[in-house]
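A.B. asks: From the sequence below, what's the structure:
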Amino acid sequence: MAAGWTRLTAGLPTSLATRLRRRRLEAFKFSVYLFLPVGASYYFGSGAYPYLERIIQQRSYVVYPPEGPAPPAPDEMARLVDRERAREEARTAAAATAAAAAAAAATGEARGGRGGVATPAAATSAAPPVLAGMSTTAVVPPVTGGQAPS
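C.D. replies: Predicted structure coming up:
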């Protein structure tokens, strides 16, 4: 084939012959770069390669974590968010009340008053507000073993 190509370019100037050879080389490289990946993808992806499934099964490229419990339903999630919001409000109210009581006790001691002894009115105002429909002793059991509670 090279002899035929040299016969075609025999009468041409050297620079033109070189340019034609380079174009031929570039066309060959382009066809290899284009058709080799396409051909390999077709060969391995079409099922013609019988060992592909075995290779995929032997090598675990992606390791997925074990499946956890299912997320709660939207209405259940809204209820949980409301409950958590109410708990946080109760905590901040209790902390503010405790801080106010501590400040009152400190000022009472400084004035020579009763000091840290709480009066019945102060004791009732220091209690956190009772939230409607909430139990203060509710305990949520932990989920174990990756199983959702039923």
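A.B. asks: Name the spans of this structure whose pLDDT lies under the cut-off.
C.D. replies: In the predicted model of the chain, residues 1-14, 109-150 satisfy pLDDT under 70.
A.B. asks: What's the first helix or strand after the strand or helix carrying Phe28?
C.D. replies: Taking DSSP states H and E as the definition, Phe28 sits inside helix 14-45. On the C-terminal side of helix 14-45, the nearest following helix or strand under DSSP H and E is helix 52-58.
A.B. asks: Next SSE downstream of that next one?
C.D. replies: Sequence order places helix 74-110 as the next helix or strand after helix 52-58, per DSSP H and E.
A.B. asks: Okay, buried residues for that following helix please.
C.D. replies: Neighbour counts using 16 or more other C-beta atoms under 10 Å place 90, 97, 101, 104-105, 108 of helix 74-110 among the buried residues. (C-beta placed from N, C-alpha, C; glycine too.)
A.B. asks: Show the contacting residues for Gln58.
C.D. replies: The contact partners of Gln58, by C-beta atoms under 8 Å, 6 or more residues apart in numbering, come to none.
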